[in-house]
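Peer 1: Got a predicted model here, sequence first, then my questions.
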Amino acid sequence: MQMGHVTTPFGRRSMTLALVKGQLDVGASKSTRRVDKWKVFRDISEARVRFGLQDRALAVLDALLSFHPDGELDPEQTLVVFPSNAQLSLRAHGITGTTLRRQLSALVNAGLIQRRDSPNGKRYAHRNLDGEIEQAFGFDLAPLAARATEIAAISQEVAAERMRFKRAKEALTICRRDVRKLISAALEENASGDWGAIEALYVDILARLPRNARRAEVEAALDEMSLLREEIVNRLEILLDARKMASNDSRNGCHIQNSNTESISESEPASEKEEDEKSRLAPQLGRSATPARHTDPMKVFPLTMVLRACPQMIDYGPGGKIDHWRDLQAAAIVVRSMLGVSPSAYEDACDAMGPESAAVAMACILERSNMINSAGGYLRDLTRRAQDGEFTLGPMLMALLRAAGSTEKLAC
């Protein structure tokens, strides 16, 4: 078994197994690559939170590195520096002795430097006749050279995390602005719909976002805000389409009235058989003229968001997981049978909403099954409202997302 070099601290400072492991790891390191000491310092500065370091600890580390004469750290050379506390304090911007000792301990505990204490605890070096250092007592910078690759990887990970956080906050700011202005536009132009309730949802999403939110909390708020934005856009699109159709019908009516040169009495009357045929086809023609509007959930609601709102659905997917929309549709068929929803009711829902939206509706019903007396009747009511253009999945999913968020907070 290969034995590493282990030293213990002087005086009342205790030794821990973590310090022993750190010294053994450095001793066992086979790295011989010279590293730029200031590059390592910049990486540590980037990842200081991961190492549990404060700004003053970085100032002390900067001072220690300044006592190493070379610009690079060579693992094959002695990397022990031995400045006095007074010298360290001066180069660390004049911090007090108590703060200096505390930050040195933080650097040691983080595994970035090691103590090489002399018999009396003082820092000095033994030199040969040529003036070269044979043995030094002070702080060993060897861990920085041994862990340079690891430190660089941690630094890159922290930088990437910070960039993701920044982009999430930017996206939330843009989405928040869009929602606010779309609601204002709808209210100013007296658009039909319960815009007061939508505005309340907007305020609720922002109210649940902490002042110093973490990335996960920002992304959760972004998901909900994006869902609300898509819901608003869908409602406005339906409203604009309805206005456009009404305008076209009005123009077509005027055109027909103006171009009809014959009076009604002069027109040839239709036969009784033709009148019966027209009355039989009228409902069908009416339905075909105004088809139900479907919104593809794969474009509006991400599958991950649906599963976050309806986590119980995952258990009924193929193999106990749902990775694709076809898995969700397969799970919906299982849940339909389990909840006692008739095949005809589910087929009607698929026709009215689209197969993906019907599957999402079944997932929502499953999530709220303890509050629904008749799943089949509830689905038929949703189908009827969808056929009348009065139902969208957005509010239901958002309510479930809020409930899931409250449950997670209580669990924490």
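Peer 2: Arrived safely, thanks for sending.

Peer 1: Point me to the helix or strand that includes the nearest residue to Arg336 once chain neighbours are set aside.
Peer 2: Among residues not flanking Arg336 along the chain, Tyr346 sits closest, at 4.9 Å (Cβ to Cβ, 6 or more residues apart in numbering). Any C-beta I mention is one placed from the backbone N, CA and C, and that applies to glycine too. Taking DSSP states H and E as the definition, Tyr346 sits inside helix 343-353.

Peer 1: Report the buried residues of that helix.
Peer 2: Ala345, Tyr346, Asp348, Ala349, Cys350, Ala352, Met353 (16 or more other Cβ atoms under 10 Å).

Peer 1: pLDDT on it, on average?
Peer 2: The predicted model assigns helix 343-353 a mean pLDDT of 89.

Peer 1: Quick one: residues in contact with that helix.
Peer 2: 292, 294, 332-333, 336, 358, 361-362, 376, 379-380, 382-383, 386-387 (Cβ atoms under 8 Å, 6 or more residues apart in numbering).

Peer 1: Whichever of those end up buried, select them in ChimeraX.
Peer 2: To isolate the buried subset of those in ChimeraX, counting by 16+ other Cβ under 10 Å, use the following:
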select :294,332,336,358,361,362,376,379,380,382,383,386,387
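
Peer 1: circling back to that earlier point, Arg385 versus the residue nearest to Arg336, what's the distance?
Peer 2: 16 Å (Cβ to Cβ, to the nearest Å).

Peer 1: Setting the sequence-adjacent residues aside, check what's closest to the one residue sitting closest to the centre of the chain.
Peer 2: Geometric centre of the chain, nearest residue: Glu219, 3.5 Å, by Cα atoms, centre = their mean. Nearest-residue entry for Glu219: Ala168, 5.2 Å, with adjacent residues in sequence omitted and distances by Cβ to Cβ, 6+ apart.

Peer 1: Next one: the one you found from Arg215, what distance?
Peer 2: 6 Å.

Peer 1: Could you check which of the two is surrounded by more residues?
Peer 2: Ala168 (19 against 15; other Cβ atoms under 10 Å).

Peer 1: residues touching the more buried one, list them.
Peer 2: So Ala168 contacts Arg215, Val218, Glu219, Leu222 (Cβ under 8 Å, 6+ apart).

Peer 1: rerun at 10 Å
Peer 2: By Cβ atoms under 10 Å, 6 or more residues apart in numbering, the residues touching Ala168 are Ala213, Arg215, Ala216, Glu217, Val218, Glu219, Ala220, Ala221, Leu222.
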